[in-house]
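Peer 1: I would like to see how this sequence folds:
(one chain, ligands or ions: 2)
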Amino acid sequence: MKILGIETSCDETAAAIIEVDEKNGYIKPLSNVISSQIKLHAKWGGVVPNLAAREHLKNILPVITASLTEAKISQKNISLIAVTHGPGLIPALLVGTNATKTISYVWKKPLMGIHHIEGHIYANFINKNCNDIKFPILCLVVSGGHTQLVLMKKHLDYEIIGETQDDAAGEAFDKVARILGLSYPGGPEIAKQAEKFKKSSYAINLPRPMINSKNFNFSFSGLKTAVLYTVKKNEKLLKDPSFVAAVSHEFQQAVVDVLVAKTICAAQKHKPKSILLAGGVSANKELQRQLGLAIQEKIPHVQFSFPEIAYQMDNAAMIAAAAFFRYQKITGKNNLLSNWKNLKTDANLKLSK
Ligand code: KG4
Ligand code: ZN
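Peer 2: Ligands and ions are numbered 1, 2, ... in the order given. The predicted structure follows:
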């Protein structure tokens, strides 16, 4: 079956078509179109919801058309439409949900709402057979809005065993980048600066918040404040690229240390067969490398994977992939044809079965 996915929860207008082989559940993207608004929001240092909505409105129809053209199919070949209906910025989400409601009504196609984080988790199943990843799964979700450890005993079954008490990991990257005078989004900028770090330059020491706490929760706002104090004490040094590189390196390492320690601890307790990374911060090469090494060393029988590069940040193929698994479980599939009347957008949508 072919599924059209749409994603507009933040600052990317995205549409994608996936083809799923229903015999083995192999998910193959036929197109993955993303129109990014990074340049527009960079001058504000973060995403401005109403500006995002205006851009989504401009882009949504061309992006959907491009996803069909790139996939070399027509709307007749689509079996299901899936859209992110939360969590996210309401003005942005409404553009995607209203566009898909219209399309679902006019094309007479079933419509499903998908949780954005569920999409990030299922990005791991793209270009794989659905049985390639073994349950139970422990998933480290690290995005701009979420930092969670999610235990999944089976498909679509989510138990949040730990989460951030304040800032999300990606949010901390973005805020620290702003303190260092780097551009938005901060994650890739900090990673780039951290690569330039040389041991012989500045010695910066930042805390590893909650690394020894007896639970799987996180906290990143104190770490961000520690960076702020370090910079305030040495404001003139911001002009020195090796100082910026040293702070970036230490900050990134502090985040990676906490994420790796908590994930390994959670895995030792809950004994998953697989560990997955999900969300925009999964693009961080040091997180990928150091978590991979820790798993190899401490729990080598556990399978480790993260999404392919094209599906790490916000995209619509992941929304379509999650929809495939939800669609399998739905009994009254015919009701999906009238979902254009019922689908609700929810800024604080919770992950549910
Ligand atoms: O999942 P995502 O694309 O959007 C949300 O759902 O929030 O994640 C965006 C976040 C941003 O905070 C961005 O700074 C972070 O992911 N990010 C990174 C990297 N690439 C993106 N963080 C650390 N290292 C990276 N290489
Ligand atoms: Zn995201």
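Peer 1: hey, which helix or strand in this structure has the poorest pLDDT?
Peer 2: The weakest-scoring helix or strand in the chain, judged by mean pLDDT, DSSP states H and E, is helix 38-42 (a mean of 87).
Peer 1: Do any residues in it lie close to ligand 1?
Peer 2: No. In terms of CB under 6 Å from any ligand atom, no part of helix 38-42 sits within range of ligand 1; the closest distance is 10.1 Å. Bear in mind the C-beta positions are built from the backbone N, C-alpha and C, glycine included.
Peer 1: Would you mind listing what in the stretch 1-150 of the chain touches ligand 1?
Peer 2: Counting by CB under 6 Å from any ligand atom, the residues of the stretch 1-150 of the chain near ligand 1 are 10, 120, 143, 144, 145.
Peer 1: mind putting those in CSV, secondary structure and pLDDT included?
Peer 2: As requested, those are exported to CSV (DSSP: H, G, I helix; E, B strand; the rest coil; pLDDT from 0 to 100):
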residue, secondary structure, pLDDT
10, coil, 94
120, helix, 98
143, coil, 97
144, coil, 95
145, coil, 94
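Peer 1: Closest to ligand 2 out of these?
Peer 2: Taking CB to the ion as the measure, ligand 2 lies nearest residue 143 of these, at 4.4 Å.
Peer 1: Quick check: the closest one touching residue 279?
Peer 2: Yes. Taking CB atoms under 8 Å as the definition, residue 143 is a contact partner of residue 279 at 3.2 Å.
Peer 1: Any idea how far stretch 212-227 is from the middle of the chain?
Peer 2: 20 Å (CA atoms, centre = their mean, to the nearest Å).
Peer 1: Looking at residue 143 and residue 279, which has the bigger crowd around it?
Peer 2: residue 279 (30 against 24; other CB atoms under 10 Å).
Peer 1: contacting residues around the more buried one?
Peer 2: 117, 120, 141, 142, 143, 144, 146, 170, 312 (CB atoms under 8 Å, 6 or more residues apart in numbering).
Peer 1: Which pLDDT value goes with the first one?
Peer 2: In this model, residue 117 is scored at 98, pLDDT.
Peer 1: Tell me how far it lies from residue 153.
Peer 2: 17 Å (CB to CB, to the nearest Å).
Peer 1: okay, these two: which has more neighbours?
Peer 2: A direct count of neighbours by other CB under 10 Å for residue 117 and residue 153 places residue 117 higher, at 27 against 12.
Peer 1: And that one, its phi and psi?
Peer 2: Here is the backbone geometry of residue 117 (degrees, to the nearest 10): phi -70, psi -30.
Peer 1: can you map out the helices along this structure?
Peer 2: Along the chain, counting by DSSP state H, helices occupy 38-42, 49-71, 90-107, 116-122, 169-179, 186-195, 221-233, 241-270, 285-298, 317-329, 339-342.
Peer 1: so of those, which one's packed in deepest?
Peer 2: Counting by mean count of other CB atoms under 10 Å, helix 116-122 has the highest mean neighbour count of these, with a mean of 27.
Peer 1: and it, C-alpha only, in PDB?
Peer 2: Extracted in PDB, the C-alpha atoms of helix 116-122 (Å, rounded to 0.1, in the frame of the first residue of the first chain):
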ATOM      1  CA  HIS A 116       4.900  13.600  16.100                       C
ATOM      2  CA  ILE A 117       7.100  11.600  18.400                       C
ATOM      3  CA  GLU A 118       5.500   8.300  17.300                       C
ATOM      4  CA  GLY A 119       6.700   9.400  13.800                       C
ATOM      5  CA  HIS A 120      10.300  10.000  15.100                       C
ATOM      6  CA  ILE A 121      10.300   6.500  16.700                       C
ATOM      7  CA  TYR A 122       9.000   4.800  13.500                       C
END
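Peer 1: Name the surrounding residues that touch that helix.
Peer 2: Residues outside helix 116-122 that contact it (CB under 8 Å, 6+ apart) are 5, 7, 9, 84, 86-88, 139, 141, 143, 146, 148, 150, 152, 156, 158, 276, 278-279, 282, 307, 314, 318-319, 321-322, 324-325, 349, 351.
Peer 1: starting at the chain centroid, how far to that helix?
Peer 2: Relative to where its chain is centred, helix 116-122 has its mean C-alpha point 7 Å off (CA atoms, centre = their mean).
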